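Novice: structure for this input, please:
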Amino acid sequence: MRKSRLSKYKQNRLIELFVAGATARTAASLVDVNKTTASYYFHRLRDLIYRNDDNGGLVAGEIEVDESYFGGKRKGKRGRGAGAVKCRYLACLNAIAGYTR
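Specialist: Numbering: from 1, shown residues only. Just a heads-up that it's a prediction; the model follows:
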């Protein structure tokens, strides 16, 4: 990269870790740079790969997609108040069903 304040050693080390598939956070701790710096450097590397791709960034050929679930919503209440609400709800169900101890 032309305009980088990182030393050549750190740049080469980040490139090695990028090719190896390490995360930016892991690379940052190994190279001793800030995690934001490593993340930005990885972003710039991806941008360079995209710009120098002959296919224009389009994927060619057959693509296999596995089963995944997207767009789910969390149901119910979360956090400290969840327990009290559940108890009250169960008490209402028990009262409706006529259950007594």
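Novice: low-confidence regions, the chain specifically.
Specialist: Low-confidence segments of the chain (pLDDT under 70): 1, 55-60, 67-72, 79, 81-101.
Novice: 50 instead?
Specialist: By pLDDT under 50, the low-scoring segments of the chain are 85-94.
Novice: how about the helices of this structure, start to end?
Specialist: Taking DSSP state H to define them, one finds helices in the chain at 8-20, 24-31, 35-51, 82-97.
Novice: tabulate these (CSV), appending distance to K73 and mean neighbour count.
Specialist: Placement of C-beta: from N, CA and C, glycine included. Below are the helices of the chain laid out as CSV (distance: least, C-beta to C-beta, whole Å; neighbours: other C-beta atoms under 10 Å):
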stretch, distance to K73, mean neighbour count
helix 8-20, 35, 14
helix 24-31, 29, 17
helix 35-51, 29, 14
helix 82-97, 16, 10
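Novice: gap between T23 and L17?
Specialist: Going from T23 to L17 by C-beta to C-beta, to the nearest Å gives 9 Å.
Novice: what does Y40 give?
Specialist: Counting by C-beta to C-beta, the gap from Y40 to L17 is 14 Å.
Novice: with R74 instead?
Specialist: Between R74 and L17 the computed distance is 35 Å (C-beta to C-beta).
Novice: the helices of the chain into a markdown table, with extra columns for distance to E62?
Specialist: Below are these laid out as a markdown table (distance: least, C-beta to C-beta, whole Å):
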| stretch | distance to E62 |
| --- | --- |
| helix 8-20 | 25 |
| helix 24-31 | 30 |
| helix 35-51 | 22 |
| helix 82-97 | 46 |
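Novice: okay then, goodbye and thanks.
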